[in-house]
Every structure is written in C-alpha cells, then in structure tokens.
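# only geometry, no sequence info:
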C-alpha cells in the first residue's frame, strides 16, 4: 500500500545491490530521497488504471482493473527483457497490488516482500502529503493571501480536508491489504515474507 515504508525498504535493497529498475521515479513531497519505483512498471500501471477509468494514483478501492491483451503483452515484454539482462531483479510500485493476479500468471515463481503499516499511519501520511500540496499552492500566492491563509484559513481547511478524505483513504487501505492477503493464500509459504513497518 502507498505510504507503507516501501520506498525506504526499496532504497535499502537498491543500496545492497538489488536491481530495482533502470529508471527510477525521483523525489517529491513526502519522499525526499526518492520513490525507487521502476518507471516502466509505473507507466504501465497508470495506463491500465486510466483505461479502466480509475485514478492513475492507484488510490482506489473495490475494483480490480481489467488488463487488455495488448497491455499484458507489454508487461510480459518488460519482464522478458529484465529476465534476460539481470540474474536477480525486482521492483516496487504500489499499484502492483491491484494487479497481483496478472503478475502471478506472468511470474509464477516470483517472491513477494510485503510491507504492512498500520492504517492510522498510512491514512495520516496520505492526508499530510496531500495537504502539503494544497498548502504550497496557497503559500506561493501574493503576501496578503499568504497572510490570510496562515492566520485564518489553514488550520480549518486542514481539519476539513482530513475529515472529508480520511474515510476514503481508510477504504483504500482496507482494499489493498485484503487483496494482498487474499493473493498470499495462493502462494507457497516460501514465496512471500510479510514485514510490519514498525
């Protein structure tokens, strides 16, 4: 799931020498050291989500996206190239969780490292990251608008934003974790490791 510490763990694995992608998603608010997401998988996952009328962020619940034959073959090609070039490789990209059935079909012998973080921390982290973007937008305005925002509007808007979006992000957390746990039941015990973020 997003905001579960996967960037931290993937950064560590990358530093230890694991091939996690030739082009990686860089830094952004909330991940100043980088996301360590393989851009090939990221772009494919966004394409699949958009073709299903789902948000390309992957922050959705209750829907397993359909994958066209064309998209399946594009992903198979990415996997084939990586298998040819690298003896051992992996990737991190949270939207992968929505496509575990596809990856089990394409990579039946794959090993899974699942990072689980408690729902309060994940939801709070998502809200905090989102609100940071809103805050920066207001702070880039003229001085009077910045002053009004900081003195009178910021805290009430933050409280409203959290209240409006917390339940949705909780549903996303539940969906991702239920889907991942259901997928793990299809694997042999030596194919996965579940680690608590804390």
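It's in. All of these numbers come straight from a predicted model, not from anything done at the bench. Numbering: from 1, shown residues only.
# residue 193: which element?
strand 192-196 (DSSP states H and E).
# can you pull out the strands in the protein?
Along the chain, the stretches classed as strands by DSSP state E are 112-116, 192-196.
# residue boundaries of the helices in the chain?
6-15, 39-51, 69-85, 100-106, 119-139, 143-148, 154-184 (DSSP state H).
# could I get those helices in TSV, plus columns for distance to residue 192 and mean pLDDT?
All C-beta spots, glycine's among them, are computed from the backbone N, C-alpha and C. What follows is the helices of the chain, written out as TSV (distance: least, Cβ to Cβ, whole Å; pLDDT from 0 to 100):
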stretch	distance to residue 192	mean pLDDT
helix 6-15	14	93
helix 39-51	19	97
helix 69-85	19	97
helix 100-106	11	96
helix 119-139	20	94
helix 143-148	49	92
helix 154-184	5	95
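# can you give me the end-to-end span of stretch 96-109?
From its first residue to its last, stretch 96-109 covers 16 Å (Cα to Cα, to the nearest Å).
# buried ones in it?
Neighbour-count burial for stretch 96-109, counted by 16 or more other Cβ atoms under 10 Å, picks out 96-100, 102-104.
# and the contacts of it?
Residues outside stretch 96-109 that contact it (Cβ atoms under 8 Å, 6 or more residues apart in numbering): 1, 41, 45, 48-49, 58, 60, 64-65, 67, 72, 75-76, 79, 110, 176, 179-180, 183, 186-187, 191.
# cool, stretch 157-175 as well?
Stretch 157-175 is contacted from outside by 1-2, 59-62, 119, 122-123, 126-127, 130-131, 134-135, using Cβ under 8 Å, 6+ apart.
# measure the residue in the chain sticking out farthest from the centre to residue 152 for me?
Distance from the centre of the chain peaks at residue 144, with 36.9 Å (Cα atoms, centre = their mean). Noted for residue 144: a distance of 12 Å to residue 152, by Cβ to Cβ, to the nearest Å.
# same check, this time on residue 27
Taking Cβ to Cβ, one finds residue 27 at 32 Å from residue 152.
# quick check: closest non-adjacent residue to the most centrally placed residue in the chain.
Against the mean C-alpha coordinate of the chain, by Cα atoms, centre = their mean, the closest residue is residue 94 at 2.8 Å. Distances taken as Cβ to Cβ, 6 or more residues apart in numbering place residue 2 nearest to residue 94, at 4.6 Å, with adjacent residues excluded.
# show me the contacts for the one you found.
Residue 2 sits next to 57-59, 94, 122, 126, 172, 176 when contact means Cβ under 8 Å, 6+ apart.
# 7 Å instead, please
Listed by Cβ atoms under 7 Å, 6 or more residues apart in numbering, the contact partners of residue 2 are 58-59, 94, 126.
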